[in-house]
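>>> give me a model of this one.
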Amino acid sequence: MSIELPIDIDQIKGFLAEDEGEALFNFAQQSAQLGPVLEVGSYCGKSTVYLGAACKGSPNVVYAVDHHRGSEEHQLGEEYHDPDLYDSGVELMDSFKAFRSTMRAAGLEDTVVPIVASSALASKGWNTPLGMVFIDGGHSEEAAQTDYRSWVSHIKPGGILAIHDIFPNPADGGQAPYNIWKLAKASGLFEELPMVNTLGLFRRK
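Numbers count the residues shown, from 1 in each chain. This is a model prediction of the structure:
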């Protein structure tokens, strides 16, 4: 790894590849000069560490938006369910405790602002222009479309839009992130940047 992180990234639960994390770090470092960075879908904080480490010491912060109840695939009986993150008291998945522990261990509590809410709720009345938006929330069509429409208009000119889990071939993965990637590409609002693994990247015109 060509960047230094404040914590062993391999110890954090998550689905982000190293090259994708490094790309997030590099773009966030540049974008933090424009405005805050916002991510949709934090889970246990793996991507947040890359973004937070990039922004630490800059004038801006990272807003980490996640209801911490997991996506469809994280629920009890589903493919990516993790029993360690299941709160049997309320019979719901809850990743917020793990997320907070990650931020504390990484020394990012003064850089990362957790917003424990759905994307749609968090975006209501949002007025802060953003330097970068990273979308890695729910992978249903409705969730991905909501994430895209909630946040894209807040990206400043020159800012970055990053979308995780882009799989053009349906055999490789779900199509919802790919569909909003296509929306961004066709919108005329962005300059398309080279993909990094499954991370789609755009710069706001």
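>>> ok, which stretches of this structure are strands?
Secondary structure of the chain (DSSP state E): strands located at 37-40, 62-65, 86-87, 92-93, 112-115, 130-135, 155-163, 190-196, 199-204.
>>> can you map out the helices along this structure?
With DSSP state H, the ranges of helices along the chain come out as 18-31, 46-55, 96-105, 119-123, 141-151, 176-187.
>>> can you tell me which of those is most buried?
Highest mean neighbour count of these: helix 46-55, a mean of 27 (counted as mean count of other CB atoms under 10 Å). Placement of C-beta: from N, CA and C, glycine included.
>>> any idea of the mean pLDDT for stretch 130-146?
For stretch 130-146, mean pLDDT is 95.
>>> restricting to C-alpha, output that stretch in PDB.
The C-alpha coordinates for stretch 130-146 follow below in PDB (Å, rounded to 0.1, in the frame of the first residue of the first chain):
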ATOM      1  CA  LEU A 130     -19.800  18.900  -1.100                       C
ATOM      2  CA  GLY A 131     -16.300  18.300  -2.500                       C
ATOM      3  CA  MET A 132     -16.900  14.600  -3.000                       C
ATOM      4  CA  VAL A 133     -19.700  12.100  -2.700                       C
ATOM      5  CA  PHE A 134     -19.100   8.300  -2.400                       C
ATOM      6  CA  ILE A 135     -22.100   6.100  -2.900                       C
ATOM      7  CA  ASP A 136     -21.900   2.600  -1.400                       C
ATOM      8  CA  GLY A 137     -25.300   2.100   0.100                       C
ATOM      9  CA  GLY A 138     -28.100  -0.300  -0.500                       C
ATOM     10  CA  HIS A 139     -27.900  -2.300  -3.800                       C
ATOM     11  CA  SER A 140     -31.600  -2.500  -4.500                       C
ATOM     12  CA  GLU A 141     -32.700  -0.300  -7.500                       C
ATOM     13  CA  GLU A 142     -34.800   1.900  -5.200                       C
ATOM     14  CA  ALA A 143     -32.000   2.400  -2.700                       C
ATOM     15  CA  ALA A 144     -29.300   3.200  -5.300                       C
ATOM     16  CA  GLN A 145     -31.600   5.600  -7.200                       C
ATOM     17  CA  THR A 146     -32.500   7.400  -4.000                       C
END
